[in-house]
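Engineer: Can you look at this prediction? I've put the sequence above it.
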Amino acid sequence: MDESGNSGRPQPGAGGKPPGDGPDKGTPGRGEEPGGGILMGRPFGVPVYVAPSWFVVAALITWVFGGQLDRVLPELGAVRYLVALFFAIAFYASVLVHELAHTVVALRYKLPVRRIQLQFFGGVSEIEKESETPGREFVLAFVGPLLSLVLAGVFYVPMKFVEAGTVPGVLLGGLMISNLIVAAFNLLPGLPLDGGRMLRAVVWKITGRPMSGTVAAAWVGRALAVVTLIGLPLLTHTGALGTSDRDISGMDTVTDALLAAILAAIIWTGAGNSLRMARLREHLPDLQARTLTRRAVPVEADTPLSEALRRANEAGARALVVVDGTGEPTAVVRETAIVAVPEHRRPWVAVSGLAQDLTDGMKVSAELAGEALLDRLKASPATEYLVVEDTGEIYGVLSTADVERAFVAAMARPAA
């Protein structure tokens, strides 16, 4: 199963970090990105991770396909499991090609791709920005199933030159059918599947509103989840998938129901996440540095904290900026550091001991808003930022805690 598409802009995490963080850069290995899994490489500069759940699926595919090989090629013996493992790896290599198709087109459209992850039910390409037009959205979604169809053809051609009852014939046939299934499943018109993104693009084109497309495709995705939950076990039980009623055991029934429940949960959750991220994007322009900034008063480094707070209270300000003798800002006093100083000690503590020295990345224009603001904060993680006018004049201090609260408020508001 493929869930490729825009990952949206994540909410800021705890600890004052700005929203999102770009792909890590380092040697391949474990733990480079929380929840990423094992880093396998960086094709086109995009990190490819294998999630731990992939190994569960690989083992399951090996066991199931190995059992099928025992019926078709009993002479293989235990070697059939090595052949089945090869099939599992080749199948996920096909899934990776599917995801790379999304990635190449996204990079062609100058859309940053955070990572590719191979996981339990396929893969996901985490594209960090939304397509600018419905046409590009449609192409970006369609190219994945298209590549799966091409791969099915690639595996079909050599099947004509090998015997059906041999290991190469069985492998080629299995890979052809599996890629056809991947293509067909992903063309279903509901988010988070590629077909859902294609439906979203069509509705977006007709209505002129991407949010309308997302709502339509997300609700179709939820309907697909319900159909999957109920329909998949029924299809298997009635023999519609080519299995005789006499061959269906109680364990098969339980397995089919469990598989259907997992698939339905993934589709339902993905559709809901798409709705939430679309709502966030619609309200993203409301996040403006100027409106979120706290008014600040300038103080010199040796000013006692109690005196600095007195000046801030008189001016109605909520932040402190340390300046040098010429009035040039040099540091921002951290709010958490102020709170940690007991009131009786504040007359004896200079603000310089509570300040974080300013870097170029900690200076933010008051005109920044929306995604441009979030990208700026992401580039230089900090708890507070100095907000300045275009003239260089101090406007105030922006706290990532305030940005996080604005994110929560944006997510809570209904879409227009």
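Structural biologist: Yes, it's here.

Engineer: Surely residue 39 touches residue 48?
Structural biologist: Yes. At 7.2 Å, residue 39 counts as touching residue 48 under the criterion of CB atoms under 8 Å. The C-beta positions use only the backbone N, C-alpha and C, and glycine is treated the same way.

Engineer: Between these two, tell me which one has more neighbours.
Structural biologist: Neighbour totals were compared for residue 39 and residue 48, and residue 48 leads with 24 against 21 (other CB atoms under 10 Å).

Engineer: tell me the contacts of the more buried one?
Structural biologist: 39-42, 96, 115-118 (CB atoms under 8 Å, 6 or more residues apart in numbering).

Engineer: Give me the subset of those lying in strands.
Structural biologist: Residues of the contacts of residue 48 located in strands (DSSP state E): 39-41, 115-118.

Engineer: Select, from the residues you listed, the two members most distant in space.
Structural biologist: Spatial extent of the ones in strands among the contacts of residue 48 (CB to CB) is set by the pair 41 and 117 at 12.8 Å.

Engineer: Show me which of the two is the more surrounded one.
Structural biologist: Here residue 41 and residue 117 are set side by side on neighbour count (other CB under 10 Å), and the busier one is residue 117, at 23 against 11.

Engineer: ok, what's across the strand from the more buried one?
Structural biologist: Residues in a beta bridge with residue 117, per DSSP bridges, are residue 49, residue 124.

Engineer: what residues are up against it?
Structural biologist: With CB under 8 Å, 6+ apart, residue 117 has these contacts: 36-37, 48-51, 123-124, 126.

Engineer: hmm, 7 Å instead?
Structural biologist: The contact partners of residue 117, by CB atoms under 7 Å, 6 or more residues apart in numbering, come to 36-37, 49, 51, 123-124.

Engineer: Can you tell me which of these lies closest to residue 201?
Structural biologist: residue 124 (18.7 Å).

Engineer: Mind pulling up the pLDDT for that closest one?
Structural biologist: Predicted confidence (pLDDT) for residue 124: 90.

Engineer: next one: residue 20
Structural biologist: At residue 20, the pLDDT recorded in the model is 33.

Engineer: from the chain's centre, how far out does the strand or helix carrying residue 203 sit?
Structural biologist: Per DSSP states H and E: residue 203 is located in helix 194-207. Helix 194-207 sits 20 Å away from the centroid of its parent chain (CA atoms, centre = their mean, to the nearest Å).

Engineer: Show me what counts as buried in it.
Structural biologist: 194-204 (16 or more other CB atoms under 10 Å).

Engineer: With stretch 368-386 instead?
Structural biologist: 368-371, 373-378, 382-386.

Engineer: Between the two ends of that stretch, how far is it?
Structural biologist: Taking CA to CA, to the nearest Å, stretch 368-386 runs 13 Å from one end to the other.

Engineer: wait, is residue 164 part of a strand?
Structural biologist: No. Read with DSSP: H, G, I helix; E, B strand; the rest coil, residue 164 is coil and lies in no strand.

Engineer: How many residues are close by it?
Structural biologist: 11.

Engineer: for residue 214, what are its contacts?
Structural biologist: 200, 274-275, 278.

Engineer: Show me what the helix or strand that contains residue 98 is packed against.
Structural biologist: Per DSSP H and E: residue 98 is located in helix 79-108. In terms of contacts (3 or more CB pairs under 7 Å, 6 or more residues apart in numbering; DSSP states H and E), helix 79-108 is packed against helix 52-72, strand 113-119, strand 122-127, helix 134-159, helix 167-186.

Engineer: related to what we said a few turns ago, let me have the contacts of residue 48 in TSV, adding distance to residue 222 and pLDDT as columns.
Structural biologist: Below are the contacts of residue 48 laid out as TSV (distance: CB to CB, whole Å; pLDDT from 0 to 100):
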residue	distance to residue 222	pLDDT
39	34	92
40	33	91
41	35	93
42	35	95
96	28	95
115	27	94
116	26	95
117	23	93
118	25	91
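
Engineer: Now render the residues you listed as CSV, adding distance to residue 190.
Structural biologist: Output for these, formatted as CSV (distance: CB to CB, whole Å):
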residue, distance to residue 190
39, 31
40, 30
41, 31
42, 32
96, 24
115, 24
116, 22
117, 21
118, 22
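
Engineer: Tell me which two of the residues you listed sit farthest apart.
Structural biologist: 42 and 118 (14.3 Å).

Engineer: neighbour count winner among those two?
Structural biologist: Using other CB under 10 Å as the criterion, residue 42 and residue 118 rank with residue 118 on top: 23 against 14.

Engineer: didn't the more buried one look like it was pressed against residue 92?
Structural biologist: Yes. Contact criterion CB atoms under 7 Å: residue 118 and residue 92 qualify, at 5.6 Å.

Engineer: Are there residues contacting both of these two? Which ones?
Structural biologist: Residues touching both residue 118 and residue 92 by CB under 7 Å, 6+ apart: residue 54.
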